[in-house]
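In: Kindly generate the corresponding structure for this input.
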Amino acid sequence: MFPGKLRSRWTGPFIVKVVYPYGTVEIENPATGQSFKVNGQRLKPFLEHFDQHESSENLVDPLYQAVHSE
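Out: Below is the predicted model:
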């Protein structure tokens, strides 16, 4: 009937670039560099070869520091 109608138009993995309010997420295809916005509920987590000791970064809330530094 319609062979391509139900086919997924995008497959990953993708890199999350920006998370917007209300669930919108901007993702980028690392192979092509193309980025686009999608509904965050449509994304699935993908952790290939994830090594916790390899990439770890401590995040700090700048508002919390600014309020308590006075």
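
In: So which residues of this protein form strands?
Out: Assigned by DSSP state E, the chain shows strands spanning 15-19, 24-28, 35-39.

In: Among those strands, which comes closest to Asn58?
Out: Of all those, strand 15-19 sits nearest to Asn58, with 19.2 Å by CB to CB. Where you see a C-beta, it was placed from the backbone N, CA and C, and this is true even at glycine.

In: The closest one packs against which elements?
Out: Strand 15-19 sits against strand 24-28, with contacts defined as 3 or more CB pairs under 8 Å, 6 or more residues apart in numbering; DSSP states H and E.

In: could you dump the strands of the chain to JSON lines with mean neighbour count?
Out: Shown next, in JSON lines, are these (neighbours: other CB atoms under 10 Å):
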{"stretch": "strand 15-19", "mean neighbour count": "11"}
{"stretch": "strand 24-28", "mean neighbour count": "16"}
{"stretch": "strand 35-39", "mean neighbour count": "12"}
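
In: And these: which comes nearest Leu59?
Out: Of all the strands of the chain, strand 15-19 sits nearest to Leu59, with 13.7 Å by CB to CB.

In: what's the angle between that closest one and strand 35-39?
Out: Interaxial angle of strand 15-19 relative to strand 35-39 (axes from the mean of the first three to the mean of the last three CA atoms, to 10 degrees): 70 degrees.

In: picking up where we left off before, would TSV of the strands of the chain with distance to Phe46 and mean pLDDT be doable?
Out: Formatted as TSV, the strands of the chain follow (distance: least, CB to CB, whole Å; pLDDT from 0 to 100):
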stretch	distance to Phe46	mean pLDDT
strand 15-19	10	90
strand 24-28	11	92
strand 35-39	14	91
